[in-house]
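Participant: everything below, folded, please.
(2 chains)
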There are 2 protein chains.
Amino acid sequence: MAYELYYWPGIQGRGEFVRLALEEAGADYIDVARRSTEEGGGIPALMAFLERKDIAHPPFAPPFLKDGDVLIGQTAAILLYLGDRHELAPKDAAQRLWTHQIQLTIADLVGEAHDAHHPLSADLYYEEQKPEALRRASDFRERRIPRFLGWFEDILARNPKGDGHLVGKAITYADLSLFQCVEGLLYAYPRSMKRRLAQFPRVAALHQGVARRPRIRAYLASERRLPFNEEGIFRCYPELDR
Amino acid sequence: MAYELYYWPGIQGRGEFVRLALEEAGADYIDVARRSTEEGGGIPALMAFLERKDIAHPPFAPPFLKDGDVLIGQTAAILLYLGDRHELAPKDAAQRLWTHQIQLTIADLVGEAHDAHHPLSADLYYEEQKPEALRRASDFRERRIPRFLGWFEDILARNPKGDGHLVGKAITYADLSLFQCVEGLLYAYPRSMKRRLAQFPRVAALHQGVARRPRIRAYLASERRLPFNEEGIFRCYPELDR
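Facilitator: Predicted structure coming up:
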């Protein structure tokens, strides 16, 4: 049975971390809310699911994944589940937990990337919190991005199996997620990130390596890959990229 | 061998979620940075560990837990590990993942509780971002806290084993963490939270139930429990509690 992914249809957002894992796995999945409302898709399908009262494990927010009777919310928890099923995480317990620990740090980066343009409230428009966004984005760009990228560079350098992957010598969901973060940061901060990325050659190489993987390359070239835009987590506002 | 917990010695912070699990488990642990520098503790011990170059899995930030050769960072990952070892999570795979999914949502709440008083940068003082904190805290208090508490109330009501616990019919690390969140929110927003909590009777009952557990009660009365203060995640600034 195909997986059913539920996520906002107009953005990459947090759903994209799940999509990349499903695509790399070659898994059969339905991106429910991207189907037309005539086919039972669209935002109404997403909202109807969130409002169901008969679900024992209701998700707090999208994305969530349905695998038959199993329903999972929280991006990192979905990836923990998919990692085991599609060899996108090591089987060894300590390495598996390390992969998850990296993913949780990526989740922190993603949250901060969002708040850089929405420091006061996700319910206000960017234009209603622009002076504050200028200050928070400056802090994110100058202090936080180097801190995160420096840590990824460091753990790549320390990987005893080589610096081609974050964990072991094979692809994991954490590699796919780091690719997505770099891609998003390059979109949001083109001016400063190109310069910044030169300081972290292993991160840059991993980003390029993931983009060259056959299934990821095919996915990125397909219509299934939504373009970045100014509704998502990674947004390009030139004034925030000094 | 005793666990070694590494966390900032002056605050409850994220380390407290780990401490509560260790205390409920009756586990033997050393709170390394709370030892004196003469005993090899203090912030120097924490910083020295973070700067070690010989660690394959370096943590991004405190808290982190050392269990012999195993080193784990990220609060939710530490709890995933401890949950399995101390019967603080169900053994069943789907229930175990559900517990973790709840914990990740608690982690989101904790991040937002911090950013309510630090919306622009964790590197600036509160006093340097007070007007912005007034706006963000208002959004957190009026919109986000009810959203989170409403979700916890809902999943308690939907628990097929009864509304005494978030998952199944026994205590999990998620229950302990929800207790800590309610405790922290009551400290930070005494005026509005008391009123608010009355809307979520199951959450309020769980909070009281955890506080009455013998090991937790003993811990809370001990000197091991640091008081809340204005250096931690949950801070009491009366102007943010309208």
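Participant: what about the helices in chain A?
Facilitator: Here chain A has its helices, by DSSP state H, at A:15-25, A:42-50, A:75-85, A:93-117, A:130-139, A:145-158, A:173-188, A:190-197, A:201-212, A:214-221.
Participant: can you tell me what sits against the fifth one?
Facilitator: By that I understand helix A:130-139. A:115-120, A:126, A:237, A:239-242, B:119-121, B:123-124, B:132 (CB atoms under 8 Å, 6 or more residues apart in numbering or on different chains). C-beta: built from backbone N, CA, C; applies to glycine.
Participant: which parts of it are buried?
Facilitator: A:132, A:133, A:134, A:135, A:136, A:137, A:139 (16 or more other CB atoms under 10 Å in any protein chain shown).
Participant: got it, and the longest one?
Facilitator: Neighbour-count burial for helix A:93-117 flags A:95-117 (criterion: 16+ other CB under 10 Å).
Participant: quick one, what contacts the nearest residue to residue A:126 once chain neighbours are set aside?
Facilitator: Nearest residue to residue A:126, sequence neighbours excluded (CB to CB, 6 or more residues apart in numbering or on different chains): residue A:117, at 5.4 Å. By CB under 8 Å, 6+ apart, the residues touching residue A:117 are A:126, A:133, A:137, A:235, A:237, A:240.
Participant: please redo it, this time with the cut-off set to 10 Å
Facilitator: A:126, A:129-130, A:132-134, A:136-137, A:140, A:188, A:230, A:233-237, A:240 (CB atoms under 10 Å, 6 or more residues apart in numbering or on different chains).
Participant: do the same with residue A:60
Facilitator: So residue A:60 contacts A:50, A:73-74, B:101-102, B:104-105, B:108-109, B:147-148, B:150-152, B:154-155 (CB under 10 Å, 6+ apart).
Participant: go on, residue A:69?
Facilitator: For residue A:69, counting by CB under 10 Å, 6+ apart, the contacting residues are A:56, B:94.
Participant: tell me the pLDDT of it.
Facilitator: For residue A:69, the model assigns a pLDDT of 94.
Participant: what's the spacing between it and residue A:160?
Facilitator: 39 Å (CB to CB, to the nearest Å).
Participant: could you do residue A:22 as well?
Facilitator: For residue A:22 relative to residue A:160 (CB to CB), the value is 29 Å.
Participant: the nearest residue to residue A:89 once chain neighbours are set aside: neighbour count?
Facilitator: Of all residues not flanking residue A:89 in the chain, residue A:83 sits nearest, at 3.1 Å (CB to CB, 6+ apart). Applying other CB atoms under 10 Å in any protein chain shown, we find 22 residues neighbouring residue A:83.
Participant: surely residue A:83 touches residue A:25?
Facilitator: Yes. The pair residue A:83 / residue A:25 is scored as a contact, 9.4 Å apart, by CB atoms under 10 Å.
Participant: can you verify my assumption that residue A:145 contacts residue A:196?
Facilitator: Yes. In this structure, residue A:145 is within contact of residue A:196 by CB under 10 Å, at 6.4 Å.
Participant: so what are the domain limits for chain A?
Facilitator: As assigned by automatic domain parsing, chain A contains the domains A:3-85, A:93-240.
Participant: ok, which of those comes nearest residue B:206?
Facilitator: domain A:3-85 (17.1 Å; CB to CB).
Participant: start and end of that closest one, how far apart?
Facilitator: End-to-end span of domain A:3-85 (CA to CA, to the nearest Å): 12 Å.
Participant: and what of stretch A:84-99?
Facilitator: First-to-last distance for stretch A:84-99 - CA to CA - comes to 11 Å.
Participant: so what's residue A:154 closest to, chain neighbours aside?
Facilitator: residue B:58 (6.6 Å).
Participant: ok, residue A:13 next?
Facilitator: That would be residue A:232: by CB to CB, 6+ apart, it lies 5.1 Å from residue A:13.
Participant: do you know how far the one you found is from residue A:187?
Facilitator: For residue A:232 relative to residue A:187 (CB to CB), the value is 9 Å.
Participant: need the overlap of contacts for those two.
Facilitator: residue A:12.
Participant: neighbour-wise, which of the two wins?
Facilitator: Legend: neighbour count by other CB under 10 Å for residue A:232 and residue A:187, higher for residue A:232 (22 against 17).
Participant: ok, back up a step: my read: the residue nearest to residue A:13 touches residue A:7, true?
Facilitator: No. Applying CB under 10 Å, one finds residue A:232 not in contact with residue A:7, separated by 11.0 Å.
Participant: spit out the residues that contact these two alike.
Facilitator: With CB under 10 Å, 6+ apart, residue A:232 and residue A:7 have common neighbours A:13, A:14, A:15, A:16.
Participant: surely residue A:14 meets residue A:77?
Facilitator: No. Between residue A:14 and residue A:77 there is no contact under CB under 10 Å: 11.7 Å.
Participant: ok, the two, which is more surrounded?
Facilitator: residue A:77 (26 against 23).
Participant: before we move on, back to that, quick one: which two of the shared contacts of residue A:232 and residue A:7 are the most distant?
Facilitator: Farthest pair in these (CB to CB) is A:14 and A:16. Separation: 7.1 Å.
Participant: quick check: neighbours shared by those two?
Facilitator: With CB under 10 Å, 6+ apart as the test, residue A:14 and residue A:16 both reach A:7, A:63, A:75, A:110, A:180, A:232, A:233.
Participant: what number of residues lie near the last one?
Facilitator: Residue A:233 has 23 neighbouring residues, counting by other CB under 10 Å.
Participant: so who does it touch?
Facilitator: Contacts of residue A:233 by CB under 10 Å, 6+ apart are A:11-14, A:16, A:110-118, A:180-181, A:184, A:188.
Participant: give me the neighbour count for the residue nearest to residue A:154.
Facilitator: Applying other CB under 10 Å, I find that residue B:58 has 18 neighbouring residues.
Participant: next: the one 3 residues further on.
Facilitator: Each residue near residue B:61 was counted by other CB under 10 Å, and the total is 15.
Participant: just give the nearest non-adjacent residue to it, would you?
Facilitator: Nearest residue to residue B:61, sequence neighbours excluded (CB to CB, 6+ apart): residue B:73, at 7.0 Å.
Participant: okay, now the unreliable bits of chain A?
Facilitator: Judged against pLDDT under 70, chain A has no low-scoring part.
Participant: how far away is residue A:54 from chain B?
Facilitator: Distance, residue A:54 to chain B, by CB to the nearest CB, to the nearest Å: 9 Å.
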